[in-house]
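1. Turn this into a structure:
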Amino acid sequence: MGKQLAIFISYLFHPLWMPLYVMLIFWNINTKAMFISNDVVWLYILLVVFINTLLIPVLLFWMMKRLNIIESLHLDSQKDRFYPFAIIGIFYLTTWYVFSRLEIFTYLSLVFVIAAILVFLALAINLFWKISIHSMSMGAMSIAVLYLTAVHFIDAAWPVYLVFIMSGLVGYARLKLKAHSSSQVYVGFVLGMLAVTIFFFSLL
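-> I've put the predicted structure just below:
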């Protein structure tokens, strides 16, 4: 894998995109368990997710960079990560609140509870160690998709295969770019998987 391809993969599977990707997967495997058959409703959901978890946070990060609150939009340093992580966590909780009030589909709101937990967990770890957020988000998404597929007997294995292949590519890309050590990538992925697994077991 060349450096340019590694950069492209890192941007394509940036953690900020993950909630939107999960919603797109939900839309494509839309089962009776979701009780959402109207595409207009799905477009509304995707729009809310895009604005709350991607557009507004990115604009705020840009403003923070302009105000010299952070040094880089890449958030390479542990110092740069604190405020952006806190902002993302708050917007995830806001999105959870919106969807929980609408009572459309339980898993929609749970996605953002999980996302908020992971962000605040990463924020705490970041105080003493630079964990790979890319790997953590991929690990979390892998288990979330696997759980949804298994519990609701979804007759479509492609999302599971796809998300695990993507996880491998993202991990390799982060190592290729030397953005993280191998331990930071592996621990991030495993921690993301464990956090989501524990969360789902707590619902049983």
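
2. where along this protein do the strands fall?
-> Assigned by DSSP state E, the strands in the chain number zero.

3. In it, which helix is the longest?
-> Identified as the longest helix of the chain according to DSSP state H is helix 78-102.

4. quick one: low-confidence ranges for this protein?
-> Low-confidence segments of the chain, defined by pLDDT under 70: 29-38, 103-107, 152-156, 203-204.

5. Pull out the buried residues from the longest helix of the chain.
-> For helix 78-102, the neighbour count (16 or more other CB atoms under 10 Å) marks 80-85, 87-89, 91-93, 95-96, 98-99 as buried. No exception for glycine: its C-beta is placed from N, CA and C like everyone else's.

6. of those residues, closest to W17?
-> W17 has its nearest neighbour among the buried residues of helix 78-102 in I88, at 12.2 Å by CB to CB.

7. check contacts around the closest one.
-> Counting by CB atoms under 8 Å, 6 or more residues apart in numbering, I88 makes contact with 16, 53, 57, 119.

8. can we see that at 6 Å?
-> By CB atoms under 6 Å, 6 or more residues apart in numbering, the contact set of I88 is 57, 119.

9. What of G2?
-> Contacts of G2 (CB under 6 Å, 6+ apart): none.

10. Tell me the spacing between it and L55.
-> Distance of G2 to L55, given as CB to CB, to the nearest Å: 30 Å.

11. quick revisit: so how far is the longest helix of the chain off the chain centroid?
-> Its chain's C-alpha centre and that of helix 78-102 lie 11 Å apart, by CA atoms, centre = their mean, to the nearest Å.

12. again with stretch 9-20
-> Centre-to-centre, stretch 9-20 and its host chain are 7 Å apart (CA atoms, centre = their mean).

13. buried ones in that stretch?
-> Of all the residues in stretch 9-20, those buried under the rule 16+ other CB under 10 Å are 9-10, 13, 15-19.

14. any chance of those residues in JSON lines, with distance to L75 too?
-> Below are the buried residues of stretch 9-20 laid out as JSON lines (distance: CB to CB, whole Å):
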{"residue": "I9", "distance to L75": "17"}
{"residue": "S10", "distance to L75": "12"}
{"residue": "F13", "distance to L75": "15"}
{"residue": "P15", "distance to L75": "10"}
{"residue": "L16", "distance to L75": "11"}
{"residue": "W17", "distance to L75": "15"}
{"residue": "M18", "distance to L75": "15"}
{"residue": "P19", "distance to L75": "18"}
